[in-house]
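S.K.: build me a model:
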Amino acid sequence: MAAIVEAIGLISGVLGIVQFGLDNFSSDDSEGSTVRITVGLDFDGGLSSSGGDLPDIRLFNEVGGFLGINVDPGTVDSGKFSDITVEHNDDAGSQAAYTLFSANDNAICIAAASITWPNGDKYAWVATGVANAPDCLWIDANNDQPQTGFQVHWPEFVNKGDSTIPDTPEDQAARIDYLCNAGPPFKLRSQPDTDPKDITYWTPITRRSSGSDERDVAATSYGPPKHAVSAKYRRNNPQTNGTTIHDMIGMSLVIGDSDIHKATDLCGSETSYGPDFVNVKTGMFCRMSDKTLWPTCNGADVTDNCFNFDSQQLITNGLAARSESYKKVIDWTSSQ
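M.R.: Numbering: from 1, shown residues only. The predicted structure follows:
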């Protein structure tokens, strides 16, 4: 294995290469993947209180399958690093191509992150230039900072032997826009989403008739919530950990109440992909199998052609639309 890993990052607004020595990574003795988080260094007249609570870590594979989670992994001091190991729920050799960093209550300023996969492969990411942060990226769950988390698609930030940094200003700008705004490579989360649980990922590569690759369609994959599903929505299906996106489609229901997670947006998106979703605040339900939008039943004037909370069923023409109940119910409400 090479003694240096080259990460692509923004340096003074221009794409460049940041070299990571092997001492910037964890050892290879874990059966899971280990994420190393390095925080910024406090100094007089500048950065202060950069250390804090380490973020929750959720891992996903290249096709959006959820691999594992580590919540409340501890704290880290200014200028220091900490390693967070996440055991994979399936084959330990799976590649954790995507990592979702979800902030906790004590703000932290992340300068760099790296990951070591079970097979020893290593990737790195640097925060320089992200969200107008020259030294590190602040994330926080209790509103002290606007960002509550971010995702990284590790392979897109490694400088391989066959890849080059664009030379012209136009190509540089296009590449920066792609890495920062396309969605899957890197994506920020912000208030009021205090516990990000989903990633945007590239759908599996499809082949054009010419034989070339096309990978320009993004979809959404969901990980489990930080805490166990509340008894209010658990019914007889308390388990959520280990659920892959493929398992969730068609047999799972997500219940939320956030203003940024809307059934109307989910159904209206051509690229959204995931379980059925109901927002208890807006009173709307999205059936993902056909991207149709329905109101929730209120027991008074809306009793048909609506989603019934008590039975967790979509009622159409007086009949339940599903032949069986949901096998998994995931509670994203603020009261969980």
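
S.K.: tell me the domain ranges of the chain?
M.R.: With automatic domain parsing as the criterion, the domains of the chain are listed as 4-222, 231-331.

S.K.: distance from the chain centre to the first one, please.
M.R.: In terms of C-alpha atoms, centre = their mean, to the nearest Å, the gap separating the centre of domain 4-222 from the centre of its chain is 10 Å.

S.K.: bridged to Gln147, which residues?
M.R.: With DSSP bridges applied, Gln147 shows beta-bridge pairing to Ser190.

S.K.: what's the most buried one of the domains of the chain?
M.R.: Sort the domains of the chain by mean neighbour count, taking mean count of other C-beta atoms under 10 Å, and domain 4-222 sits at the top with a mean of 18. To be clear about C-beta, it is placed using only N, CA and C from the backbone, and glycine gets the same treatment.

S.K.: possible to save the domains of the chain as TSV with mean pLDDT?
M.R.: As requested, those are exported to TSV (pLDDT from 0 to 100):
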stretch	mean pLDDT
domain 4-222	83
domain 231-331	81
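
S.K.: which residues touch Val280?
M.R.: By C-beta atoms under 8 Å, 6 or more residues apart in numbering, the contact list for Val280 reads Ile255, Gly256, Asp257, Thr296, Phe309, Thr333.

S.K.: what packs against the longest helix belonging to the chain?
M.R.: Across the chain, the helix with the greatest residue count (assigned by DSSP state H) is helix 169-181. Here helix 169-181 touches strand 14-21, going by 3 or more C-beta pairs under 8 Å, 6 or more residues apart in numbering; DSSP states H and E.

S.K.: which residues in the stretch 101-250 of the chain form helices?
M.R.: Remark: helices assigned in the stretch 101-250 of the chain by DSSP state H, counting those that start in this stretch are 169-181, 231-234, 245-248.

S.K.: partner residues bridging the residue positioned nearest the centre of the chain?
M.R.: Centroid-nearest residue in the chain: Ile199, 3.2 Å away (criterion: C-alpha atoms, centre = their mean). Counting by DSSP bridges, Ile199 is bridged to Ser221.

S.K.: for it, what are its contacts?
M.R.: By C-beta under 8 Å, 6+ apart, the residues touching Ile199 are Arg58, Phe60, Gly64, Tyr98, Leu100, Gln151, Pro184, Lys187, Thr220, Ser221, Gly223.

S.K.: put together CSV for those residues, with distance to Ser82 on each row.
M.R.: Shown next, in CSV, are those (distance: C-beta to C-beta, whole Å):
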residue, distance to Ser82
Arg58, 17
Phe60, 21
Gly64, 27
Tyr98, 20
Leu100, 17
Gln151, 19
Pro184, 26
Lys187, 23
Thr220, 29
Ser221, 26
Gly223, 21
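
S.K.: where does Cys267 land in three-state SS?
M.R.: Going by DSSP: H, G, I helix; E, B strand; the rest coil, the secondary structure assigned to Cys267 is helix.

S.K.: the residue lying closest to Tyr326 once chain neighbours are set aside pairs with what?
M.R.: In this structure, Tyr326 finds its nearest non-sequential neighbour in Leu253, 4.5 Å apart by C-beta to C-beta, 6 or more residues apart in numbering. Beta-bridge pairing of Leu253 under DSSP bridges involves Asp276, Val329.

S.K.: which residues does Leu253 contact?
M.R.: Counting by C-beta under 8 Å, 6+ apart, the residues that Leu253 touches are Pro275, Asp276, Phe277, Val278, Gln312, Tyr326, Lys328, Val329, Ile330.

S.K.: ok, back up a step: Val126: which of the contacts of Val280 is nearest?
M.R.: Lowest distance from Val126 to these (C-beta to C-beta) belongs to Gly256, with 32.7 Å.

S.K.: wait, that closest one touches Asp276, no?
M.R.: No: at 11.6 Å, Gly256 does not count as touching Asp276 under the criterion of C-beta atoms under 8 Å.

S.K.: all strands of the stretch 1-150 of the chain, in order?
M.R.: Remark: strands assigned in the stretch 1-150 of the chain by DSSP state E, counting those that start in this stretch are 4-11, 14-21, 33-39, 52-53, 56-60, 66-70, 75-76, 81-86, 98-102, 108-116, 122-126, 137-139, 147-153.

S.K.: looking at these, which is nearest to Ile165?
M.R.: Closest among those, using C-beta to C-beta: strand 14-21, at 5.1 Å.

S.K.: isn't Thr99 up against Gln151?
M.R.: Yes: when contacts are counted by C-beta under 8 Å, Thr99 is listed as touching Gln151 (6.8 Å).

S.K.: before we move on, the earlier item: quick one: closest of the strands of the stretch 1-150 of the chain to Asp193.
M.R.: For the strands of the stretch 1-150 of the chain, proximity to Asp193 was assessed by C-beta to C-beta; strand 147-153 is nearest, at 5.7 Å.

S.K.: any idea of the angle that closest one forms with helix 169-181?
M.R.: Put simply, strand 147-153 runs at 110 degrees to helix 169-181, going by axes from the mean of the first three to the mean of the last three C-alpha atoms, to 10 degrees.

S.K.: number the chain from 496, please
M.R.: Taking 496 as the first residue, the last one we looked at is strand 642-648.

S.K.: please name every helix or strand in contact with strand 642-648.
M.R.: Using 3+ C-beta pairs under 8 Å, 6+ apart, strand 642-648 sits against strand 593-597, strand 632-634, strand 681-685, strand 693-697.
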